[in-house]
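[1] Please work out how this folds:
(one chain, ligands or ions: 2)
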Amino acid sequence: MDTIYGKYKGLKSSQVKQLKKLYHQKLPGDVLVTPEFAQRLAAISTDINQPVCTYLNRRGQVIRVGVGNARQTQIPPLELPRYGEKRLSGIRCIATKLKAEPPKESSLTAMVCQRLDALAILTLTGTGKLKRGGGATGYIQDVYLAHLLPRSEAIAGEQEYWSVSESMSLKALSEQDFLDLVESLEAEFEREYVAQQVDADHDRVVMVGLQADKISDQEFEDRLNELEGLIDTAGGEVLETIHQKRSRPHPRTLVGEGKVQDIALKVQSLGANLVAFDRSLSPAQIRNLESQFGVRVVDRTEIILDIFAQRAQSRAGKLQVELAQLEYMLPRLVGRGQAMSRLGGGIGTRGPGETKLETERRSIQKRIANLQRQVNELQAHRSRMRKQRQKQDVPSVAIVGYTNAGKSTLINALTNSEVYVANQLFATLDPTTRRLSIADADTAAPQNILLTDTVGFIQQLPPPLVNAFRATLEEVTEADALLHVVDLSHPTWENQIRSVMEILGQMAIAPGPILLVFNKLDRVDSDTLAKAKDEFPLALFISASDRLGLETLRQKLSLLVDYAGVGE
Ligand SMILES: Nc1nc2c(ncn2[C@@H]2O[C@H](COP(=O)(O)OP(=O)(O)OP(=O)(O)O)[C@@H](O)[C@H]2O)c(=O)[nH]1
Ligand SMILES: [Mg+2]
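    Ligands and ions are numbered 1, 2, ... in the order given. So this is what the prediction gives:
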């Protein structure tokens, strides 16, 4: 109870003692601050020639004393007694300021991030008188009172997220009806919260991108657009995008300290419940960021995993997704566990909490081993099926490509099937194989081939997914030949080709011959078409949905399997 926070090093022990004594003060519950407390705080602050912040709960108890401004002494959200956009945190800050000027934006931001009941700023005169018996007078010049604004008011008034009073007297401040202020604010927050819940069946997301040196502005923008698409597919709504250029990521929080504050402010002011990063975050980074934002933090991998989890239909699909999720989760268990035990709070929870965590970890490891075994069985089963097909000498062709390229549309168009097609990322998770009859290139005799539609690729495919989906991906590597479908109407089609080739290159078994097929021709302008034809003279150009160029594709398919050396 007598820790002094902030920059108190170099203070005399008598001064530290004075600061610690502030913890013994108790104010009446219904006043913001008493003149006596304010003057005494100002006297200490004047003595040490530094700003001092005190944090009080609604019972009038001092719960934190810190040397420095409101930003430097702030309480991390997870350590606040209560936290959530529905209410205020129940803590107010009484702060001194050496210069006679209104509070700075960084202090106000800190107030928003902590959802403080109020922030009172006392500016100093630089002198004053100590009275006998410990009282003080004359230390305070101007007083400002700041508090959060309900969102509707902030938007209507095109103001910031806070309101700051004109300078007032200490007497006026101490006569403020404090309880009335916080109660009316909270009623408004509650109303907004309920209104928001009504149409909130989705996550409200603040998206964060970090632009490294080597990435061009265009590439960065494309990546963020893709992340927004992923969030949208996962069922979230991006309320705001924040980015930062930085040559080296910050080890603890990825983005810099100032940006962390910006993000926290946005989270609070927009009522977001999720922050999504366009990067992989380490378990420690997630932990640090969550404690600053007070809401869940996810990285790109977790979003992709979430989409896969929502999409998985078959037993095999669910199995592989669960495996990927657990593999991703295991190293992160420690962090979330600590956050949780802190929420549970207090003496006695820590020991058993850790033990429980250890048990949990072991049971997850067991489950992973179990799932691995099942995936191995699946892999063996698929491999037996393939062997059988090979015995029958039916050539197989797998359709691969970036997600949303039109692979499923193509297999439907070629084989009159009804594989699920949607303008979503990762619409297909489970491979589907269909028989296709084509005319042999040489003899014109009818020939059967097997066409397999598979899961789409994406740049930087998360490693746990690659591992978990190896049974599915083997359908690709074990096929006699590949059709690589590219959405030529997509602005980043060239990068998408590169990403797909990279992923294919990383597979254990080298794929057979690849036929490049540019799709969505109906939506492509002539310049792009000319460019693609120039760069890829051997490619085919089709529109799967408009059934354009499919006849040529059938002919080429026959040549392709001939070339692959099967089915003769
Ligand atoms: N304009 C146009 N749209 C197409 C064409 N082919 C597919 N689409 C659309 O593109 C979207 C994605 O098609 P899918 O066939 O589901 O793509 P996919 O490659 O299977 O995607 P994933 O399974 O998610 O990896 C759908 O909205 C299709 O209607 C085309 O030739 N032209
Ligand atoms: Mg598909």
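[2] In which helix or strand does Asn448 reside?
    Applying DSSP states H and E as the criterion places Asn448 in strand 446-453.
[3] Residue nearest the middle of the protein, spatially speaking?
    Closest residue to the average C-alpha location of the chain: Ala276 at 1.6 Å, with CA atoms, centre = their mean.
[4] Now do the same for that one: its pLDDT.
    Note for Ala276: predicted pLDDT of 96.
[5] tell me which residues form a beta bridge with it?
    Met207, Val298 (DSSP bridges).
[6] how close does it get to Ile231?
    For Ala276, the distance to Ile231 equals 6 Å [CB to CB, to the nearest Å]. To be clear about C-beta, it is placed using only N, CA and C from the backbone, and glycine gets the same treatment.
[7] who touches both of these two?
    Both Ala276 and Ile231 are contacted by Val205, Met207, Val238, Ile303, under the criterion CB atoms under 8 Å, 6 or more residues apart in numbering.
[8] got a winner among those for most neighbours?
    Neighbour counts for the shared contacts of Ala276 and Ile231 (other CB atoms under 10 Å) peak at Val205, which has 27 neighbours.
[9] Please list the residues of this structure that sit near ligand 2.
    Proximity of the chain to ligand 2, by CB under 5 Å from the ion, involves residues Lys407, Ser408, Ala427, Thr428.
[10] what's the most distant pair in those residues?
    Maximum pairwise distance among the residues of the chain next to ligand 2 (CB to CB): 9.2 Å, between Lys407 and Ala427.
[11] Pick out whichever of those two has more residues nearby.
    Lys407 (30 against 20).
[12] Which residues are in contact with that one?
    Ile399, Val400, Gly401, Thr428, Asp453, Thr454, Gly456, Val485.
[13] And the residue nearest to the fifth one when sequence neighbours are not counted, how far from Ser558?
    With CB to CB, 6 or more residues apart in numbering as the criterion, Asp453 has its nearest non-adjacent residue at 4.3 Å, and that residue is Ile411. As for Ile411, its distance to Ser558 is 17 Å (criterion: CB to CB).
[14] out of these two, which sits in the busier spot?
    Of the pair Ile411 and Ser558, Ile411 is the one with more neighbours under other CB under 10 Å, namely 26 against 20.
[15] Could you list the alpha-carbon positions for whichever strand or helix holds that one in PDB?
    Using DSSP H and E, Ile411 sits within helix 407-415. What follows is helix 407-415 as a C-alpha-only set of coordinates in PDB (Å, rounded to 0.1, in the frame of the first residue of the first chain):
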ATOM      1  CA  LYS A 407     -11.000 -22.800 -58.200                       C
ATOM      2  CA  SER A 408     -14.300 -24.200 -57.000                       C
ATOM      3  CA  THR A 409     -16.100 -22.200 -59.700                       C
ATOM      4  CA  LEU A 410     -13.800 -23.800 -62.300                       C
ATOM      5  CA  ILE A 411     -14.300 -27.400 -61.100                       C
ATOM      6  CA  ASN A 412     -18.100 -26.800 -61.100                       C
ATOM      7  CA  ALA A 413     -18.000 -25.400 -64.600                       C
ATOM      8  CA  LEU A 414     -15.900 -28.300 -65.900                       C
ATOM      9  CA  THR A 415     -17.600 -31.200 -64.200                       C
END
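[16] That one close to ligand 1?
    Yes: judged by CB under 6 Å from any ligand atom, helix 407-415 comes into contact with ligand 1 through Lys407, Ser408, Thr409.
[17] could you give the angle of that helix to strand 446-453?
    160 degrees (axes from the mean of the first three to the mean of the last three CA atoms, to 10 degrees).
[18] What mean pLDDT does helix 407-415 get?
    Averaged over helix 407-415, pLDDT sits at 96.
[19] got the CA coordinates for the next helix or strand along the chain from it in CSV?
    With elements assigned by DSSP H and E, the helix or strand that comes after helix 407-415 is strand 432-439. Only the C-alpha atoms of strand 432-439 are listed here, as CSV (Å, rounded to 0.1, in the frame of the first residue of the first chain):
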residue,chain,number,x,y,z
THR,A,432,-13.3,-32.6,-53.5
THR,A,433,-12.4,-34.9,-56.3
ARG,A,434,-14.5,-35.2,-59.5
ARG,A,435,-14.2,-37.3,-62.6
LEU,A,436,-13.8,-35.4,-65.9
SER,A,437,-14.0,-36.8,-69.3
ILE,A,438,-11.9,-35.2,-72.0
ALA,A,439,-10.8,-36.1,-75.5
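[20] contacting residues around strand 432-439?
    With contact meaning CB under 8 Å, 6+ apart, strand 432-439 is reached by 394, 396, 411, 414-415, 417, 419, 445-453, 475, 554-555, 557-558.
[21] If we use 10 Å, what do you get?
    385-386, 389, 394, 396-399, 408, 411-412, 414-420, 445-454, 475, 479, 553-558, 561 (CB atoms under 10 Å, 6 or more residues apart in numbering).
[22] For the buried ones among the residues you listed, write the corresponding PyMOL selection.
    To isolate the buried ones among these in PyMOL, judged by 16 or more other CB atoms under 10 Å, type:
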select buried, resi 386+394+396+397+398+399+408+411+412+414+415+419+447+449+450+451+452+453+454+475+479+553+554+556+557+558+561
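[23] quick one: the strands in the stretch 201-350 of the chain?
    Taking DSSP state E, counting those that start in this stretch as the test, the strands found in the stretch 201-350 of the chain are 203-211, 236-245, 274-277, 296-299.
[24] So which of the ones you listed has the densest surroundings on average?
    strand 274-277 (a mean of 25; mean count of other CB atoms under 10 Å).
[25] Going by contacts, tell me the helices and strands next to that one.
    Judged by 3 or more CB pairs under 10 Å, 6 or more residues apart in numbering; DSSP states H and E, strand 274-277 is in contact with strand 203-211, helix 217-233, strand 236-245, helix 257-270, helix 283-293, strand 296-299, helix 300-311.
[26] Take it, keep the C-alpha atoms, and write them as CSV.
    Provided in CSV are the C-alpha atoms of strand 274-277 (Å, rounded to 0.1, in the frame of the first residue of the first chain):
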residue,chain,number,x,y,z
LEU,A,274,-10.6,-6.6,-30.6
VAL,A,275,-7.2,-5.4,-31.9
ALA,A,276,-5.9,-7.2,-34.9
PHE,A,277,-2.3,-7.0,-36.0
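[27] so what's the closest residue to Gln320 other than its chain neighbours up against?
    Take Gln320 and drop its neighbours on the chain: the residue closest to it by CB to CB, 6+ apart is Ala468, 4.3 Å away. The contact partners of Ala468, taken as CB under 10 Å, 6+ apart, are 305, 308, 319-328, 371-372, 375, 462.
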